[in-house]
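Got a predicted structure plus its sequence, pasted below:
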Amino acid sequence: MVLWHGGLDAQFGTARIDLMGSSFISLGECMVELSDQGGGLYRRGFAGDTFNTAWYARRILPPTWSVAYGSCIGADAASGEMQAFMAAGGIDTDALRVIPERTVGLYMISLDQGERSFSYWRSQSAARCLADDPAWLQATLAGRDVIYFSGITLAILSPEGRASLCAALARARTEGALIAFDTNLRPRLWEDHATMQAGMMAGAAVADIILPSFDEEQILFEGATATDTIARYRKAGAHIIALKDGAGDVQLWDDAGGVRVLPCRPVDQVVDSTAAGDSFGAAFVAHVAQGRALEEAALAAMQLAGQVIQCRGALVPQIFEGET
């Protein structure tokens with residue numbers, strides 16, 4: 001079965017997705033994760049915003065879809081273990097480029113009443129070189145149906161790397177790929193505020209689906225309202241916007257239906273908010289790519305994110321146990 005992106009052929013020109021065998025790739029940085037287990041104990045894992053999204057997308061999309069992770073890793077033991085972890089989770093690793101003199105980054109999550117803070121060690125992260133080889137990047141993106149990246153993907157790159165990545169995404173978009181951008185803001189990763197604003201809008205300019213968070217938008221553009229945010233990304237060229245607001249409502253916009261508001265779904269207890277946005281993005285984009293209505297995609301995304309934040313860690317396999 002072949003379907004226009006999101007079922008909206010007027011929005012996406014001639015781009016199409018073959019639901020019987022399509023390709024999803026997520027671009028960015030996967031890191032060694034130390035997650036707080038309580039009592040001063042930490043569990044080692046592997047995670048990172050766009051990798052988390054790929055992991056959840058693999059569990060949502062049909063087996064006929066391939067799900068890959070595009071990044072760079074080292075040649076050391078930690079990098080090899082990370083690659084093996086991805087493969088064991090059903091993630092294709094053919095889009096990983098090995099840079100022998102580099103390694104993978106590490107981060108530690110600290111929790112306070114369910115809210116997270118991070119400590120990072122990533123100066124030698126190979127993922128910072130993701131866009132340093134434009135020919136490799138172009139070949140990696142060629143033929144992909146859905147491409148997902150984030151504000152962190154952009155932030156870890158050099159200015160030249162950001163320009164190279166955006167150029168490659170723009171080319172993939174003209175060749176028929178559906179591009180999804182989770183704005184996921186980390187101000188400390190950027191050189192300065194003006195560069196952050198410019199970089200984020202450069203990413204938005206090459207995306208069909210944009211997934212901003214309202215609290216981050218108020219940092220990125222001081223005093224921004226939800227209306228301002230949607231208007232800004234419409235002007236940038238988005239066809240679909242899902243504006244999140246933490247535990248608040250989700251505002252949806254697309255070319256055909258205008259703005260719709262979906263009420264929040266409260267959860268019993270927030271244990272760990274890690275990967276709330278990553279899982280939301282995975283479910284939303286996966287459902288849109290399969291032709292589901294935006295409201296249906298957003299409700300599925302809210303449900304998954306609500307389950308994820310009631311568990312510890314970025315990746316929560318028990319949510320999917322018993323499913324067929």
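Yep, that arrived. Numbers count the residues shown, from 1 in each chain.

tell me the contacts of the closest residue to residue 129 other than its chain neighbours?
Leaving out its chain neighbours, the residue that sits closest to residue 129 by CB to CB, 6 or more residues apart in numbering is residue 72, at 4.9 Å. The way it works is simple: take the backbone N, C-alpha and C, and place the C-beta from them, glycine included. Contact analysis of residue 72 by CB atoms under 8 Å, 6 or more residues apart in numbering lists 96, 97, 98, 99, 102, 126, 127, 128, 129, 130.

Residue 72 and residue 157: what is the separation?
11 Å (CB to CB, to the nearest Å).

between the two, what contacts are shared?
Jointly contacting residue 72 and residue 157 under the rule CB under 8 Å, 6+ apart are 128, 130.

thinking again about what came up before, give me the pLDDT for the residue nearest to residue 129.
pLDDT, residue 72: 98.

So what's the gap between whichever strand or helix holds it and the chain middle?
Assessed by DSSP states H and E, residue 72 sits inside strand 66-73. Chain-centre distance of strand 66-73: 12 Å, with CA atoms, centre = their mean, to the nearest Å.

And for stretch 24-40?
For stretch 24-40 - counting by CA atoms, centre = their mean - the centre lies 13 Å from the chain centre.

Could you do stretch 294-302 as well?
16 Å.

got it, and stretch 158-176?
16 Å.

go on, stretch 142-149?
12 Å.

for the spatially most central residue of the chain, what are its contacts?
Centroid-nearest residue in the chain, with CA atoms, centre = their mean: residue 50, separated by 3.9 Å. Applying CB under 8 Å, 6+ apart, we find residue 50 in contact with 26-30, 69, 148-150, 152-153, 182, 278.

again, 10 Å this time
25-30, 69-71, 127, 148-150, 152-153, 182, 184, 278, 281-282 (CB atoms under 10 Å, 6 or more residues apart in numbering).

Low-confidence stretches in the stretch 51-200 of the chain?
113-116 (pLDDT under 70).
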